[in-house]
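1. Task: produce atomic coordinates for the following.
(4 chains)
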Protein chains: 2
Amino acid sequence: MGSKERIQRLKEDTRLNILDAALEIVKEDGWQSLSMRKIADKIEYTAPIIYEYFANKEGILLELTRKGYIILFQELKAAKIQHELPQDQLEAMWMAYWDFAFKYKELYQLMYGVDMSCCEVMKAFPEAEATTNIICDTIKELMTADPVDDDLLCRKYFTFWSVVHGLISINFVRKGTDNMTNQHILRDALKGIIKYVND
Amino acid sequence: MGSKERIQRLKEDTRLNILDAALEIVKEDGWQSLSMRKIADKIEYTAPIIYEYFANKEGILLELTRKGYIILFQELKAAKIQHELPQDQLEAMWMAYWDFAFKYKELYQLMYGVDMSCCEVMKAFPEAEATTNIICDTIKELMTADPVDDDLLCRKYFTFWSVVHGLISINFVRKGTDNMTNQHILRDALKGIIKYVND
DNA sequence: TACATTTGCTTAACAGTGTTAAATTATTTA
DNA sequence: TAAATAATTTAACACTGTTAAGCAAATGTA
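-> Predicted structure coming up:
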């Protein structure tokens, strides 16, 4: 009677199907177009069964947000271990962050969109904190002061984040500008901040 | 028979009332909560009459966006004329931009929100272009090369914008951090960019 | 003044949204 | 096979934006 586990596996399957379907719809027609009935259509069920897998629509969005942070963290990690020096690691990680934003545009919009309640998400998800930490750790290594001022570290992280996020936002909004130019701006800006990380 | 004009004035009045009501609702409960029926309630009418003043809901949002750009431009102008040197003007203008974002938080969200179709708005509104121009003009004055490379100018403007917008986004999301600290970060970052505007 | 016309506004309706409760069907258990 | 349980759907509610039809009051015309 291992059918219990088989059923459990099937349920886990449709749970993932729901998330996949949701992301697919968003990729096709944007976040605004996402609806419970459309998801149900895609997985060939009716809307109410989704509520057996998620508390509500926000539950789905939250899970996708979590998924986004997990992917982002992996990409940051992969970028980091390819370099030795902290300054190189830092640059590589922010470039990876940049790449993530465009490779998983929809997830990035969900994670950092103005309309979303990122504030609560940050606290709720260890995954979100992990991405912050892996970067802050590297900045810390780069800072010469001992002990490192946590407040200053935080400010440095914000400076990085704002520059990169700002550039990404600009790119989402103004699709006209070619990606190469902006990547150039980004790299220049990063080098500048890294250079003056101790001031 | 000046009643024609009186009626015209009344119509213009309710048009403005609709915009005011919309903004008020958003201030109270956020953009997500804004609905045609709520607007109608506030101006003591029923929903369909709104369509006599605006094509649809997006028409209202577009008009509010326009309003936002008009205000922003005025604030930038006011900041600019209080200084002589271009570098001081530039810093003052970006600080004014920062202040605008928080003073008119809802309008800023509408103007630069990720979900909005800013791309078309930028082209459609002369008001949006005016704000870009007043800043670009000042950057131009600061650039020593003659003739100024338009592409480089554009990149410089983007650098500024991304830093400021990024910091503002962070502040909207992480309300915990105190405003003073971030304003300090902003001023530092601005001075840095201004210093290295010719490289 | 009496009738016709236009205007202002509302009610009703449609298609869509998220969500819940009841009804139904299928599956498993005894 | 009958009872119990699980899986799934249908129906409904309260919303959303938006449109068409209807009504009532103001206006123009004779």
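2. Can you name the element that comes right after the top helix by length along chain A?
-> Looking across chain A with DSSP state H, the single longest helix is helix A:3-29. Where DSSP states H and E defines the elements, the next helix or strand beyond helix A:3-29 is helix A:36-42.
3. ok, how many other residues are close to A:Gly30?
-> Other residues within reach of A:Gly30, judged by other C-beta atoms under 10 Å in any protein chain shown, total 13. Where C-beta positions appear, they are placed from N, C-alpha and C, glycine not excepted.
4. now swap in A:Leu23 and tell me
-> For A:Leu23, the neighbour count with other C-beta under 10 Å is 19.
5. List the buried residues in the helix or strand harbouring A:Asn182.
-> Taking DSSP H and E as the criterion, A:Asn182 maps to helix A:179-195. By neighbour count with 16 or more other C-beta atoms under 10 Å in any protein chain shown, helix A:179-195 contains the buried residues A:182-183, A:185-186, A:189-190, A:192-194.
6. repeat for stretch A:66-84
-> Within stretch A:66-84, the residues scored as buried using 16+ other C-beta under 10 Å are A:66-69, A:71-73, A:75-76, A:79-80.
7. Can you tell me which of those is nearest DNA strand D?
-> Within the buried residues of stretch A:66-84, proximity to DNA strand D (C-beta to the nearest atom of the strand) peaks at A:Lys67, which comes in at 23.0 Å.
8. Next secondary structure after the helix or strand of chain A with the lowest mean pLDDT?
-> Least confident helix or strand of chain A, by mean pLDDT, DSSP states H and E, is helix A:118-124 with a mean of 50. Sequence order places helix A:126-142 as the next helix or strand after helix A:118-124, per DSSP H and E.
9. and the angle from that following helix to helix A:179-195?
-> With axes from the mean of the first three to the mean of the last three C-alpha atoms, to 10 degrees applied, the angle from helix A:126-142 to helix A:179-195 works out at 60 degrees.
10. Could you name the helices and strands sitting against helix A:126-142?
-> Packing contacts for helix A:126-142, counted by 3 or more C-beta pairs under 8 Å, 6 or more residues apart in numbering or on different chains; DSSP states H and E, involve helix A:57-80, helix A:86-103, helix A:118-124, helix A:150-173.
11. can you narrow the buried residues of helix A:179-195 to ones near chain B?
-> Among the buried residues of helix A:179-195, proximity to chain B is found for A:182, A:185, A:189, A:192 (C-beta under 8 Å from any C-beta of the partner chain).
12. tell me which of the buried residues of stretch A:66-84 is nearest to A:Thr46?
-> Using C-beta to C-beta, A:Lys67 comes nearest to A:Thr46 of the buried residues of stretch A:66-84, at 24.7 Å.
13. Out of the helices and strands packed on helix A:126-142, point me to the one whose mean pLDDT is lowest.
-> Among the helices and strands packed on helix A:126-142, helix A:118-124 carries the lowest mean pLDDT, a mean of 50.
14. Spell out which parts of chain A neighbour DNA strand D.
-> Residues of chain A lying close to DNA strand D (C-beta under 7 Å from any atom of the strand) are A:7, A:11, A:45-49, A:52.
15. out of the residues you listed, which are buried?
-> For the residues of chain A next to DNA strand D, a burial check counting by 16+ other C-beta under 10 Å picks out A:Tyr45.
16. Return the distance of A:Ala40 relative to A:Ile18.
-> Note on A:Ala40: its distance to A:Ile18, by C-beta to C-beta, to the nearest Å, is 9 Å.
17. May I ask which two of the residues of chain A next to DNA strand D are separated the most?
-> Taking C-beta to C-beta as the measure, the residues of chain A next to DNA strand D span a maximum distance of 21.8 Å, between A:Ile7 and A:Ala47.
18. Is it correct that A:Met143 is in contact with A:Leu153?
-> Yes. The criterion here is C-beta atoms under 8 Å, and A:Met143 meets it with A:Leu153 at 6.8 Å.
19. on that earlier part again, just checking, what packs against the helix holding A:Asn182?
-> Identification of packing neighbours for helix A:179-195 by 3+ C-beta pairs under 8 Å, 6+ apart yields helix A:86-103, helix A:150-173, helix B:150-173.
20. What's the mean pLDDT across it?
-> Over the span of helix A:179-195, the pLDDT mean works out to 75.
21. neighbouring contacts of it?
-> Here helix A:179-195 makes contact (C-beta atoms under 8 Å, 6 or more residues apart in numbering or on different chains) with A:87, A:90-91, A:94-95, A:98, A:102, A:142, A:156, A:159-160, A:163-164, A:167, A:170-171, B:151, B:155, B:158-159, B:162-163, B:192, B:196.
22. Can you say which of the residues you listed are buried?
-> Buried residues within those, counting neighbours by 16+ other C-beta under 10 Å: A:87, A:90-91, A:94-95, A:98, A:142, A:156, A:159-160, A:163-164, A:167, A:170-171, B:155, B:158-159, B:162-163, B:192.
23. and chain A, which of its residues are near DNA strand C?
-> Proximity of chain A to DNA strand C, by C-beta under 7 Å from any atom of the strand, involves residues A:1, A:3, A:34-38, A:47-48, A:51, A:56-58.
24. Of those, which is the nearest to B:Cys136?
-> Nearest to B:Cys136 out of the residues of chain A next to DNA strand C is A:Leu34 (C-beta to C-beta; 37.5 Å).
25. ok, the closest one touching A:Glu24?
-> No. In this structure, A:Leu34 is not within contact of A:Glu24 by C-beta under 8 Å, at 9.9 Å.
26. more crowded one of those two?
-> Neighbour count, other C-beta under 10 Å: between A:Leu34 and A:Glu24, A:Leu34 has more, with 20 against 15.
27. quick revisit: so which of the ones next to chain B among the buried residues of helix A:179-195 comes closest to B:Gly30?
-> Checking these against B:Gly30 with C-beta to C-beta, the nearest one is A:Asn182 at 30.7 Å.
28. With just CA atoms, put stretch A:15-24 into CSV.
-> Below are the C-alpha coordinates for stretch A:15-24, written out as CSV (Å, rounded to 0.1, in the frame of the first residue of the first chain):
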residue,chain,number,x,y,z
ARG,A,15,1.4,22.0,-6.6
LEU,A,16,4.4,22.6,-8.7
ASN,A,17,2.2,22.7,-11.8
ILE,A,18,0.2,25.5,-10.3
LEU,A,19,3.4,27.5,-9.8
ASP,A,20,4.7,26.7,-13.3
ALA,A,21,1.3,27.6,-14.8
ALA,A,22,1.2,30.9,-13.0
LEU,A,23,4.7,31.9,-14.1
GLU,A,24,3.9,30.8,-17.7
